[in-house]
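A.B. asks: I'll drop the sequence and a predicted model, then ask my questions.
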Amino acid sequence: MTAQKQPKTEQFDSGHSIVLFDGVCRFCNGWVQFILKHDKHDQFRFSPLQSDFVQGLLMAGHLHNISMDSVILLDGSKVYTHSSAVLQIFKQLGGGWSLLSWFRAVPRPIREAVYRFIAKRRYQLFGKYDSCMIPDANVRSKFMD
């Protein structure tokens, strides 16, 4: 299994999968916009890694041994990071997007190397915001503070 077990996840189990992302990264914000557009079943909620919500999870010990330079998916009692998070999101989006989850067949070290290559260069390639995005009123309820 590619998910890491974490204790006390019922504390942040909202009935939705929660995507944690770098709120100042333009690429990461584009990824969130992509998920919002294709989330036909209202499965996902979002929070920037820089938010009070995530800081509270860290301080309470709900997240540990987590690389904060990654997209993180909290799905019930499971925590997915890096390429595993991306592939799980595609799987949950369903439809044709779920076919991309078959990339799990690629050995994890190769997937992670590609993910880290992009993640390490995300600001240089795509840019960076000065502050986290402020969601518009149409999607504000999908973001956790």
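C.D. replies: It's in.
A.B. asks: Which residue ranges of this protein form strands?
C.D. replies: Using DSSP state E, the strands of the chain run over 4-5, 17-21, 44-48, 72-75, 78-81.
A.B. asks: Need the winner for burial among these.
C.D. replies: Ranked by mean neighbour count, the strands of the chain are led by strand 17-21 with a mean of 25 (mean count of other CB atoms under 10 Å). Any C-beta I mention is one placed from the backbone N, CA and C, and that applies to glycine too.
A.B. asks: Run the chain-centre distance for that one.
C.D. replies: The gap between where strand 17-21 is centred and where its chain is centred comes out at 4 Å by CA atoms, centre = their mean, to the nearest Å.
A.B. asks: So which residues make contact with it?
C.D. replies: Residues from elsewhere that reach strand 17-21, judged by CB atoms under 8 Å, 6 or more residues apart in numbering: 12, 28-29, 31-32, 35, 43-49, 54, 71-76, 85, 89, 92, 144.
A.B. asks: do the same with stretch 37-57
C.D. replies: The contact list for stretch 37-57 (CB under 8 Å, 6+ apart) reads 12, 14, 16-24, 32, 35-36, 63, 68, 72, 89, 92-95, 97, 132-133, 135, 142-145.
A.B. asks: So, low pLDDT: which residues of this protein?
C.D. replies: The chain contains residues with pLDDT under 70 at 1-14, 65-66, 68.
A.B. asks: where exactly do the helices run in it?
C.D. replies: Using DSSP state H, the helices of the chain run over 26-38, 52-59, 82-93, 108-120, 122-126.
A.B. asks: F90 and L100 touch, don't they?
C.D. replies: Yes: counting by CB atoms under 8 Å, F90 touches L100, with 4.2 Å between them.
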